[in-house]
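# Turn this into a structure:
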Amino acid sequence: MTSKKNKARAPREANPKKFKKKTSVLITEKVEFVDYKDVNLLQRFVSDRSKIRNRRVTGNDVQQQRDIANAVKNAREMALLPYTKRVAQTRAGRPPRDGDERRERGPRRDEAATTDVDAAVETTETVESIESEVEA
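I've put the predicted structure just below:
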């Protein structure tokens, strides 16, 4: 009796699509030493949001990728490369719900009560001051 687990672990057929391994920019330009001051070179290994691209994308080997990562980090620390870049994104606002007219609300109940009391106190004080002026 075969279980589903065994079928899942069965070796898969070889991928019929063969892909060509990417050659690194460092090899094509014959760069011997990756310098953190060479910003133009380092920007090739960084995405538009300033993330370091991975080996699969750039075609670097392990040692080259390590050198690139250290150089990018050094350049960021020296303020030659940004840590992040802002990407302007236009987002549409949320459409209003049915019956929601986005009207301004009045004061809350507790705020309304305090303002009414304050207004009443002010009117009684002004009335008392007027009466005292009339008497004098």
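# show me where this structure has strands.
Read by DSSP state E, the chain holds no strands at all.
# Any stretches of it with poor pLDDT?
For the chain, applying pLDDT under 70 flags the ranges 1-16, 99-124, 126-127, 136.
# Helices along that one, start to end?
Under the criterion DSSP state H, the chain contains helices at 4-9, 25-28, 39-43, 55-58, 62-77, 109-135.
# Pull out the buried residues from stretch 42-62.
L42, F45, V46, I52, R53, T58, G59, N60 (16 or more other CB atoms under 10 Å). Quick note: C-beta positions are derived from backbone N, CA and C, even for glycine.
# Go ahead and name everything in contact with that stretch.
By CB atoms under 8 Å, 6 or more residues apart in numbering, the residues outside stretch 42-62 that reach it are 21-26, 34, 36, 65, 68-69, 71-72, 75, 81-85, 87.
# Counting neighbours, which of those end up buried?
S24, V25, L26, V34, Y36, Q65, I68, A71, V72, A75, L81.
# got the contact list for N74?
Per CB under 8 Å, 6+ apart, neighbours of N74: Y36.
# Fine by me, we can end here.
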